[in-house]
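**Student:** with the sequence up front, the predicted model follows.
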Amino acid sequence: MTPWEIRTTEFANCNCAYGCPCQFNALPTHGHCQAVVCQEITEGHYGDVDLKGVRFGGVFAWPGPIHMGHGRCQPFVDEAASPQQREAVLKIMSGEDTDPMATVFSVFASTMETVYDPVFAPIAFEVDVEGRRGRYKVANVVDSTGQPIRNPVTGAEHRVRIDLPHGFEYEIAEVGSGSSTAKGPVAFTLENSYAQFAHLHLNNHGVVRHRSV
């Protein structure tokens, strides 16, 4: 198993209502799942390959709850990544060199029925996790924006966080509102639905934890 470890900034948007039920082992809001996820590695490696600065993610769709499988995925990696970085990130995303079900990548990979050839394209990425704001654009693949949830009466920003002491993706996620347009083989539009912003720290064995349970 090739040792790897990454710290990333993540922005994800799915079709569920705010407070995505999947985070609580409940069924998705609309019975099926659609999601777009993008991350930027702030520090990391795969073996001897430095991964700092690499941006990557995917467009996902499942006909039912994620755990029921039959998913489709369009992976993407920033075209600025070197061939070695591209190969490393795609291996991590596919769950290779990872303890079974230890990371979100491994879990999602186990639910995929169709994985399309990866797209290598320019990725513009700007995310403020604590501010619950973000924007990324992958040329000809996906355009996504995120902002804080607003109080429907006062219009004030509404801050909510999800704490998962035993999760396989993050320890703490800031929850916001996202809108996205995905093109290509996995195409859909999301508007003012669940968004999460998080700092991830993962390796071969799962989430590297910094908080006491």
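**Tutor:** That came through fine.

**Student:** which of the three states applies to the closest residue to G53 other than its chain neighbours?
**Tutor:** Once flanking residues are discounted, G53 sits nearest to I41: 6.5 Å by Cβ to Cβ, 6 or more residues apart in numbering. Placement of C-beta: from N, CA and C, glycine included. Secondary structure state of I41, per DSSP: H, G, I helix; E, B strand; the rest coil, is strand.

**Student:** what about this protein, any weak spots by pLDDT?
**Tutor:** Within the chain, the ranges that satisfy pLDDT under 70 run 213.

**Student:** if we go to 80?
**Tutor:** 211-213 (pLDDT under 80).

**Student:** what pairs with whichever strand in the chain runs longest, parallel or antiparallel?
**Tutor:** Counting by DSSP state E, the longest strand found in the chain is strand 188-203. According to DSSP bridges, strand 188-203 forms sheet pairs with strand 4-14 (antiparallel), strand 172-182 (antiparallel), strand 206-207 (antiparallel).

**Student:** re the thing from before, list the contacts for the residue nearest to G53?
**Tutor:** Contacts for I41 (Cβ atoms under 8 Å, 6 or more residues apart in numbering) come out as I6, R7, T8, L51, K52, G53, V54, R55, F56, V89.

**Student:** which of those residues fall in helices?
**Tutor:** Judged by DSSP state H, the contacts of I41 include V89 as members of helices.

**Student:** any chance of the contacts of I41 in CSV, with neighbour count and distance to A81 too?
**Tutor:** Listed next are the contacts of I41 as CSV, based on neighbours: other Cβ atoms under 10 Å; distance: Cβ to Cβ, whole Å:
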residue, neighbour count, distance to A81
I6, 23, 13
R7, 18, 17
T8, 22, 14
L51, 24, 8
K52, 13, 11
G53, 14, 8
V54, 25, 5
R55, 23, 8
F56, 27, 8
V89, 28, 7
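
**Student:** so which of the contacts of I41 comes closest to A195?
**Tutor:** A195 lies nearest to T8 out of the contacts of I41, by Cβ to Cβ, at 16.1 Å.

**Student:** residues in contact with the closest one?
**Tutor:** Q39, E40, I41, T42, G44, H199, L200, L202.

**Student:** nearest spatial neighbour of it, chain-adjacent residues omitted?
**Tutor:** Of all residues not flanking T8 in the chain, Q39 sits nearest, at 4.2 Å (Cβ to Cβ, 6+ apart).

**Student:** tally of neighbours for that neighbour?
**Tutor:** Using other Cβ atoms under 10 Å, Q39 has 24 neighbouring residues.

**Student:** that one and R7 touch, don't they?
**Tutor:** No - using Cβ atoms under 8 Å, Q39 and R7 do not qualify as a contacting pair, with a distance of 10.0 Å.

**Student:** can you tell me how far the most centrally placed residue in the chain is from H158?
**Tutor:** Centroid-nearest residue in the chain: V37, 3.5 Å away (criterion: Cα atoms, centre = their mean). Between V37 and H158 the distance is 23 Å, computed by Cβ to Cβ, to the nearest Å.
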